[in-house]
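A.B. asks: coords please:
(2 chains)
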Amino acid sequence: MSPRAANPPVPAATDPALIRNFCIIAHIDHGKSTLADRMLGITGVVSDRDMRAQYLDRMDIERERGITIKSQAVRMPWQVGDTSYALNMIDTPGHVDFSYEVSRSLAACEGAILLVDAAQGIEAQTLANLYLALENDLEIIPVLNKIDLPAAEPEKYAKELADLIGGSPDDVMRVSGKTGIGVEELLDRVVERIPAPVGRADAPARAMIFDSVYDSYRGVVTYVRMVDGHLNPRERIQMMSTRATHEILEIGVSAPEPTPTKGLGVGEVGYLITGVKDVRQSKVGDTVTTAAKSATEALPGYTEPLPMVFSGLYPIDGSDYPELREALDKLKLSDAALVYEPETSVALGFGFRAGFLGLLHLEIVTERLRREFGLDIIATAPSVVYEVTTEDKKSVTVTNPSEFPTGAKISEVREPMVRAAILAPKDYVGTIMELCQSRRGTMLGMEYLGEDRVEIRYNMPLGEIVFDFFDQLKSKTAGYASLDYEPTGDQAADLVKVDILLQGEQVDAFSAIVHRDKAYAYGVLMTGRLRELIPRQQFEVPIQAAIGARIIARESIRAMRKDVLAKCYGGDITRKRKLLEKQKEGKKRMKMVGRVEVPQEAFIAALSGDTEKKDAKK
Amino acid sequence: MASALPLGEPAPLDGLLPPSAADGAPDRAFGVYVHVPFCRVRCGYCDFNTYTAGELRGARQVDYADHAIGEIRISRGVLEASGVPARRADTVFFGGGTPTLLPADDLVRMLAAVRDEFGLAPDAEVTTEANPDSVGPDDLRRLADGGFTRVSFGMQSAVPHVLAALDRTHDPDRIPFVVGWARDAGLDVSLDLIYGTPGESLADWRRSVEAVVAHRPDHVSAYALIVEDGTSLARRIRRGELAEPSDDLEADMYELADELLGAAGYEWYEVSNWATDAAHRSRHNLGYWRGDDWWGVGPGAHSHVGGVRWWNAKHPAAYAERVTAGLSPAVGRERLDDPTRETERVLLLTRIRDGIEIPSLHVGGRHAVAGLIADDLVDAKAALAGVLTLTRRGRLLADAVVRRLLEE
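C.D. replies: Here you go, the predicted structure:
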């Protein structure tokens, strides 16, 4: 039993030997936040009264989904024997979309707790982050969580973990974040096993930004890990990637509320506030130095965030466009990876083409737009980035099917590839292989993890993954499979752009870049969906799918022949007029494609695949 | 059990109308509608405000004529007190329900009350709806003697399996007899048909229209079956027991009816109505489409006077209670502002052959006319003469035409 630290080390004056920087690597639902909360309670930095479930996850969406989007760092005192230590727990995002942010968080640590649910075993994303941690030479402390659960199988999963990272199953700690069992021992183990940070105290200051958060009251809060030197209040600092300088208005540590300090020294983890209003001025991975005595060499590992998935975001009510712009401008302040530019669609009106790190990032952004800004929006089918070369040797980067060159002959289309790792019970191997093969995957290998679980690795086009792959994977494996992927470059492929035409008019929102072998299937799917969803008009409406000028699939909506209420007498007039007013109101939500009136809902339903039959009556 | 009343403002207890209701009243025809909310059985498709004996909650059929007469007496007082100039009734229409479930004498008494309070125009059109199996020759003669001029029989179909699907109980072979008795009594005759009944084929429908033509009524109404929410028909369709009527088949049926009726000398004068000549059009119903004034008597009945529309308490028991207490039975009303009246004018006049004066349309409507002609929805010749009249195709798409005429 370790007591709470009696004389905690003081920030800015802490001997690096007394510092331990660590993070927790865990899958969604495996209890990372609960364990973190428990540590805050046990070390006394959060009183029981203030304890709020999942203290570290600030955003509602995060709390609801039980996932962490933005990481933070908390300094906790802990005493082992007679020595008081400062433990910095750096919270990492759990999802592969944020793998760059994960890698920076890991780079800020010397060790990691590998936390695995004792009833579920390790998952694909956790494996991916574990690889990253090992690449960063982190000391790994394997831990099984939720050992209080009746379904827990600690023996089985301790063996699985030991097989993975080496060592004996007995080295795997067993805790329960919920009840607190084993958590004190775990903190002791952190002090004992994780190396203290090393740096040069007299060198020019170098601090790595591992997170950057927008706060509407304080502007951008930048989280840093000091490597060399010292940063002081009121000092002028410089961002090494841009050479921009700012004055430190406040410097401090999270305990877990922001607590100003006299500065930060070697190995310490804390935050800076400079008054900048946009997270882009404080980029994750960048190196902070002082303007007066600048370091000559930035810390390694910085890259610009690169959007991998693009989607059109449109307000369902066209008059919300200015609000959408404002909302995106605000989100951008806290989301350095979000990029967007205005875009117009025949079907959907005015909106934005936005780039995301991945599908979850897209989902989080659209969810925040809905929830935090009350916007009703539709996101078009996600698309990836293609490099198209035409025969006249011009190269075009295509993030939207509408940019696909139409005039010149195409000599090559290159698409982004990923290495996908899928973890699932062995019974599903056949199903998963079938799915991956249907998505143009090439198998790289397969490995057993323990007795009944398998890791299957595929090389796959990212474009196939963003198209509904994860949903398919989940539904075909009763939810058991987990997926992780990482970019591995690109490949040339026989890709074509399929357009959908309504009465000869192209409906841009439905154009898609697909493999030639799948063009027909896509055409049949979309024309069929639209036939179900678009109400009959006063004239026949052909719906076609085309590659260039060549029609590959065709459907048609027969002309409506009857649209009249048979009876209209004294008692019917009010009702009839109200119906007409409702129809007029409905018409405002109609989009015109040539002469064809299409309810916005039909486009949305066709995009989302929600093909409930159109209401033919009324 | 029956379609809900519209939402509106509450009607005042004394039923008084705002002064604007009187504006222009002398130029408008005045009709009286008397609702008779009783049926022996409820037909599966019907959502009208009507009740079988078991659904009456103490309101008695035998007392009904007295309650309705009570409202007729109140109505004159309300119009007078509201400053609406007294007008004789140009038309009276007894509908339901099944008016002929009441003794002929009750119907005649109610008509007499209208005559007492308002007076009847010398050429007044006085109609009652009738079920072919609830009237005999004596009833019809008594009605004619009492002042009725016209009877409208709910024939619906000549085909037994179609009548069965509609829950209609009458014997189709009875139709020629009831028509003959009405003729003998000196009454004009209208026959109602319904098309689009689940299971009804185009051949079935042809048989019904041909039968109607053979009976030589003065007037024919043919309505597409409307599947109303809350009816047993709607439930049976939802459960998949009956096929949903098809718009395309109904369009074929409408075209066939218009063809056959036209060939037999009947002219359409409203989307769902045909008559042998202008004199046999239903003047009462034309009043609805022309925005004239009418007082609707009875539970759930709607009235309209000079841009004020109101409706009565729906259940016969609630209705009886109010009328017996000397109160207006009106429970809700709406005052139509000018744009709303214009909307109603366009949506109603578009339905009739006499049509709408094109110059009276607002600019958006006038601009829509050329496109409507091009789409064969509006008769070109009439349009050149300044009147908007629907083509046959236009009648089938009348609601779409109205929407285009009302586009800004």
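
A.B. asks: Looking at the helix or strand that A:T289 is a member of now, give me its mean pLDDT.
C.D. replies: Per DSSP states H and E, A:T289 falls inside strand A:287-290. Mean per-residue pLDDT for strand A:287-290: 96.

A.B. asks: Buried residues, the helix or strand harbouring A:A605. List them.
C.D. replies: A:A605 is part of helix A:600-608, with elements assigned from DSSP H and E. Neighbour-count burial for helix A:600-608, counted by 16 or more other CB atoms under 10 Å in any protein chain shown, picks out A:600-607. To be clear about C-beta, it is placed using only N, CA and C from the backbone, and glycine gets the same treatment.

A.B. asks: likewise stretch A:362-374?
C.D. replies: Neighbour-count burial for stretch A:362-374 flags A:362-366, A:368-369, A:373 (criterion: 16+ other CB under 10 Å).

A.B. asks: contacting residues around B:P12?
C.D. replies: B:P12 makes contact with B:328, B:330, according to CB atoms under 8 Å, 6 or more residues apart in numbering or on different chains.

A.B. asks: Specify the local secondary structure of it.
C.D. replies: The assignment at B:P12 comes out as coil when based on DSSP: H, G, I helix; E, B strand; the rest coil.

A.B. asks: A:G586 too?
C.D. replies: Looking at A:G586 with three-state DSSP, the answer is helix.

A.B. asks: Tell me how far it lies from A:A602.
C.D. replies: 12 Å (CB to CB, to the nearest Å).

A.B. asks: cool, and A:I237?
C.D. replies: Distance of A:I237 to A:A602, given as CB to CB: 54 Å.

A.B. asks: With A:T406 instead?
C.D. replies: To A:A602, A:T406 is 26 Å away according to CB to CB.

A.B. asks: now B:W311
C.D. replies: In this view, B:W311 and A:A602 are 36 Å apart by CB to CB.

A.B. asks: go on, B:P6?
C.D. replies: Taking CB to CB as the measure, B:P6 falls 30 Å from A:A602.

A.B. asks: what do you get for A:V172?
C.D. replies: Separation of A:V172 from A:A602 (CB to CB): 54 Å.

A.B. asks: do A:P77 as well
C.D. replies: Using CB to CB, we find A:P77 at a distance of 60 Å from A:A602.

A.B. asks: Give me the buried stretch members for the strand or helix carrying A:E434, please.
C.D. replies: Element membership of A:E434 [criterion: DSSP H and E] is helix A:429-438. The neighbour-count check on helix A:429-438 (16+ other CB under 10 Å) flags A:431-433, A:435-436 as buried.

A.B. asks: can you check stretch B:54-72 too?
C.D. replies: Across stretch B:54-72, burial judged by 16+ other CB under 10 Å covers B:55-56, B:59, B:61, B:64-72.

A.B. asks: Endpoints of it, how far apart?
C.D. replies: With CA to CA, to the nearest Å as the measure, the ends of stretch B:54-72 fall 27 Å from one another.

A.B. asks: One more: stretch B:149-169?
C.D. replies: Stretch B:149-169 has an end-to-end distance of 26 Å (CA to CA).

A.B. asks: so is the closest residue to B:H219 other than its chain neighbours in a helix, a strand, or just coil?
C.D. replies: Take B:H219 and drop its neighbours on the chain: the residue closest to it by CB to CB, 6 or more residues apart in numbering or on different chains is B:S190, 3.7 Å away. At B:S190 the chain is in strand, as set by three-state DSSP.

A.B. asks: now A:E101
C.D. replies: Taking three-state DSSP as the rule, one finds A:E101 in the helix state.

A.B. asks: so what pLDDT did it get?
C.D. replies: pLDDT, A:E101: 80.

A.B. asks: Could you check the strand or helix carrying A:E412 and say which residues are buried?
C.D. replies: Taking DSSP H and E as the criterion, the element that holds A:E412 is strand A:410-425. Buried residues in strand A:410-425, counted by 16+ other CB under 10 Å: A:410, A:413-424.

A.B. asks: between those residues, which is nearest chain B?
C.D. replies: Distance to chain B, by CB to the nearest CB, is smallest for A:A424 among the buried residues of strand A:410-425, at 40.0 Å.

A.B. asks: doesn't A:K476 make contact with the closest one?
C.D. replies: No - in this structure A:A424 lies outside contact range of A:K476 using CB atoms under 8 Å: 9.6 Å.

A.B. asks: what is in contact with these two at once?
C.D. replies: Residues touching both A:A424 and A:K476 by CB under 8 Å, 6+ apart: A:I432.

A.B. asks: Tell me how many other residues surround residue 124.
C.D. replies: Defaulting to chain A. Each residue near A:A124 was counted by other CB atoms under 10 Å in any protein chain shown, and the total is 22.

A.B. asks: try again with chain B
C.D. replies: Counted with other CB under 10 Å, residues neighbouring B:A124 total 21.

A.B. asks: helix/strand/coil for it?
C.D. replies: Of the three states, B:A124 takes strand under three-state DSSP.

A.B. asks: Could you look up the SS state of the residue sitting nearest the centre point of chain B?
C.D. replies: Nearest residue to the geometric centre of chain B (CA atoms, centre = their mean): B:N285, 6.1 Å. Three-state call for B:N285 (three-state DSSP): helix.

A.B. asks: Please name the nearest non-neighbouring residue to it.
C.D. replies: That would be A:Y569: by CB to CB, 6+ apart, it lies 6.4 Å from B:N285.

A.B. asks: shouldn't B:L261 be in contact with B:V220?
C.D. replies: Yes - contact criterion CB under 8 Å: B:L261 and B:V220 qualify, at 6.1 Å.

A.B. asks: out of the two, which sits in the busier spot?
C.D. replies: B:V220 (25 against 20).

A.B. asks: check which helix or strand covers the more buried one.
C.D. replies: Using DSSP H and E, B:V220 sits within strand B:219-224.

A.B. asks: Remind me what that strand packs against, helices and strands.
C.D. replies: Contact here means 3 or more CB pairs under 8 Å, 6 or more residues apart in numbering or on different chains; DSSP states H and E; on that basis strand B:219-224 packs against strand B:188-195, helix B:247-263, strand B:273-275.
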